[in-house]
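*Asks:* Predicted model and sequence below, questions to follow.
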Amino acid sequence: MTPAARLAAAAEILNTLDFDRPIEAQLKAWGRGNRYAGSKDRRTIADRVYMALRYRRSAALQAGGETGRALVLGTLAIVDGQSIDDIAALCNGGYGLASLDEAERTALARIPDWPNDAARLDWPDWLWDEAKQAFGDDAERELNALRQRAPVDVRVNTLKATVEDAITALQDGTPISRDAIAYVPGFPLALRLPSGSPVLASRAWSDGMVELQDAGSQAVAAMLDARPGETILDYCAGGGGKTLALGAAMEDTGHLLAFDVETRRMTDLPQRAARAGITCITLLKGDDLKTLIGTCDRVLVDAPCSGSGSWRRDPAGKWRLTSAALDTFRRLQDDALRTAARYLRSGGTLLYATCSVLRAENEDRIAAFLDHHPSFSLEENRRFHPARDECDGFFYAKLNLTGC
């Protein structure tokens, strides 16, 4: 496909996207229905679609519209910095976009009149105060970081390899070079690769030496300080990324219990655990929790949330979130904390975490919990921010059960 045809395909996909369904799945469906698009074509088209979603507000304002065509044209001007003549050359009809009309030329040539900073930085107006509370004077830098494409991070599985072993194995079976693999300062088991790196084709992946996991997510799991031989409950296990990290920290001993209200989310966890060489994980259903009250050494609550800290990976989530949805997440978070606390023994540790940057889902939830649970004390909390910490946005609070 020509560059112009790829842009036209991206515009077509943007016109039909359903924000309530995973974007990646819709891109794959488009690829299956358009076999003429090769793998490089599909990657390039997907990159443009994600770019248009990350810059949706500013691109629309620049191009004077919200159609798929306008979003593509807007990103060419704002993100790529292309001139009117360059853009016009890509709009050549045929399999490409139709020629620019005068209104589009005028819109693309002007300097946008941003209605506010939220529009300029591609952030929902109704969440602007939350952004300022979360980031303070760094709001512009952090929100801009949330518009960038995320790198590929892997966690080294210490049950199977050392960091250096994993680096060698990542190159085996892939075009990934040693120079492309970077250590991530402050995250001892994290390795960073360029976006699009074919990790799943490597021996490191097939042999269970690495797991795809953002550095910030790795750090949150490490903060639980899991130890061999303990009984640990991952109360909102989901796909199991943090569960596997805990299993490695426990040296595959003790009892690692994985639970999720939506049991189907854990479907792939047994297969992932087998590849990682972890046998101490037990998947639980609702009735299984009754026998755990007051027995666990540590409990992780990786709560359902807006996902605002990872909107560079799921940019549609930024435009999907509503005030009502955020209120629902807050209720779910309070319920998860309150319920999970029951399973902790006296002297145990409860770790609350989200991949959100919003205080409403983080500090506010911990304050509300502590107000109603005087037997718990806050040991520490921390935020990870995309620009400052070079990872997805995360929050954790480490609580201790000091009395009953």
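*Replies:* Nice, I can see it.
*Asks:* show me what contacts Asn381?
*Replies:* 362-363, 366, 395-398 (Cβ atoms under 8 Å, 6 or more residues apart in numbering). (Each C-beta comes from the backbone N, C-alpha and C, glycine too.)
*Asks:* ugh, typo on my part, it should be Thr44
*Replies:* Arg6.
*Asks:* Residue ranges in the stretch 51-200 of the chain under the pLDDT threshold?
*Replies:* By pLDDT under 70, the stretch 51-200 of the chain has no low-scoring segment.
*Asks:* What count of nearby residues applies to Arg110?
*Replies:* Counted with other Cβ atoms under 10 Å, residues neighbouring Arg110 total 11.
*Asks:* and it, how far is that from Asp80?
*Replies:* Distance, Arg110 to Asp80, by Cβ to Cβ, to the nearest Å: 17 Å.
*Asks:* ok, back up a step: in a markdown table, list the contacts of Asn381 along with pLDDT, distance to Gly68 and neighbour count.
*Replies:* Output for the contacts of Asn381, formatted as a markdown table (pLDDT from 0 to 100; distance: Cβ to Cβ, whole Å; neighbours: other Cβ atoms under 10 Å):
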| residue | pLDDT | distance to Gly68 | neighbour count |
| --- | --- | --- | --- |
| Asn362 | 98 | 35 | 26 |
| Glu363 | 98 | 39 | 16 |
| Ile366 | 98 | 41 | 20 |
| Phe395 | 97 | 34 | 28 |
| Tyr396 | 97 | 38 | 25 |
| Ala397 | 98 | 41 | 24 |
| Lys398 | 98 | 45 | 20 |
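*Asks:* Looking at those, which are in strands?
*Replies:* Judged by DSSP state E, the subset of the contacts of Asn381 located in strands is 395-398.
*Asks:* re earlier: nearest to Asp234, of the contacts of Asn381?
*Replies:* Nearest to Asp234 out of the contacts of Asn381 is Tyr396 (Cβ to Cβ; 13.8 Å).
*Asks:* what are the pairing partners of the helix or strand where Arg383 lies, and which direction each?
*Replies:* Per DSSP states H and E: Arg383 is located in strand 376-384. Here strand 376-384 has these sheet partners by DSSP bridges: strand 394-401 (antiparallel).
*Asks:* distance between the partner strand and the chain's centre?
*Replies:* Computed by Cα atoms, centre = their mean, to the nearest Å, the chain-centroid distance of strand 394-401 equals 20 Å.
*Asks:* Quick one: residues in contact with it.
*Replies:* 216-217, 219-220, 223-224, 309, 341, 344-357, 361-363, 366, 369-370, 375-384.
*Asks:* Test my guess that Ala368 contacts Asp334.
*Replies:* Yes. At 6.3 Å, Ala368 and Asp334 qualify as touching, with contact defined as Cβ atoms under 8 Å.
*Asks:* and the strand holding Arg383, average pLDDT?
*Replies:* What strand 376-384 shows for mean pLDDT is 96.
*Asks:* that's a helix at Ser99, yeah?
*Replies:* No. Ser99 is assigned coil when assessed by DSSP: H, G, I helix; E, B strand; the rest coil, not a helix.
*Asks:* what residues are up against the closest residue to it other than its chain neighbours?
*Replies:* Using Cβ to Cβ, 6 or more residues apart in numbering and skipping residues adjacent in sequence, the residue nearest Ser99 is Cys91, 5.3 Å away. Residues counted as contacts of Cys91 (Cβ under 8 Å, 6+ apart) are 4, 73, 97-100.
*Asks:* could those go into JSON lines alongside distance to Ile232 and neighbour count?
*Replies:* As requested, the contacts of Cys91 are exported to JSON lines (distance: Cβ to Cβ, whole Å; neighbours: other Cβ atoms under 10 Å):
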{"residue": "Ala4", "distance to Ile232": "54", "neighbour count": "17"}
{"residue": "Leu73", "distance to Ile232": "51", "neighbour count": "29"}
{"residue": "Leu97", "distance to Ile232": "54", "neighbour count": "24"}
{"residue": "Ala98", "distance to Ile232": "58", "neighbour count": "12"}
{"residue": "Ser99", "distance to Ile232": "62", "neighbour count": "11"}
{"residue": "Leu100", "distance to Ile232": "59", "neighbour count": "17"}
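*Asks:* Excluding covalently adjacent residues, which one is nearest to Tyr36?
*Replies:* Going by Cβ to Cβ, 6+ apart, Tyr36 has Met1 as its nearest residue, at 7.4 Å.
*Asks:* can I assume the one you found is in contact with Leu7?
*Replies:* No. Contact between Met1 and Leu7 fails when scored by Cβ under 8 Å: they sit 9.7 Å apart.
*Asks:* Which one of these two is surrounded by more residues?
*Replies:* A direct count of neighbours by other Cβ under 10 Å for Met1 and Leu7 places Leu7 higher, at 25 against 19.
*Asks:* Where does the prediction get shaky in the stretch 301-404 of the chain?
*Replies:* 403-404.
*Asks:* try 90 this time
*Replies:* 402-404 (pLDDT under 90).
*Asks:* so what secondary structure elements neighbour the stretch of helix or strand Arg345 belongs to?
*Replies:* Element membership for Arg345, per DSSP H and E: strand 344-354. Applying 3 or more Cβ pairs under 8 Å, 6 or more residues apart in numbering; DSSP states H and E, one finds that strand 344-354 makes contact with helix 215-223, strand 296-302, helix 323-340, helix 363-372, strand 394-401.
*Asks:* who touches the helix or strand just after the second one?
*Replies:* It stands for strand 296-302. Next helix or strand after strand 296-302 toward the C-terminus (DSSP H and E): helix 316-320. Contact with helix 316-320 is made by 17, 19-20, 23, 53, 56, 122-124, 306-308, 310-311, as judged by Cβ under 8 Å, 6+ apart.
*Asks:* Only the buried members of these: can you turn that into a ChimeraX selection?
*Replies:* Typed into ChimeraX, the line below selects the buried ones among the contacts of helix 316-320, using 16 or more other Cβ atoms under 10 Å:
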select :17,23,53,56,122,123,124,306,307,308,310,311
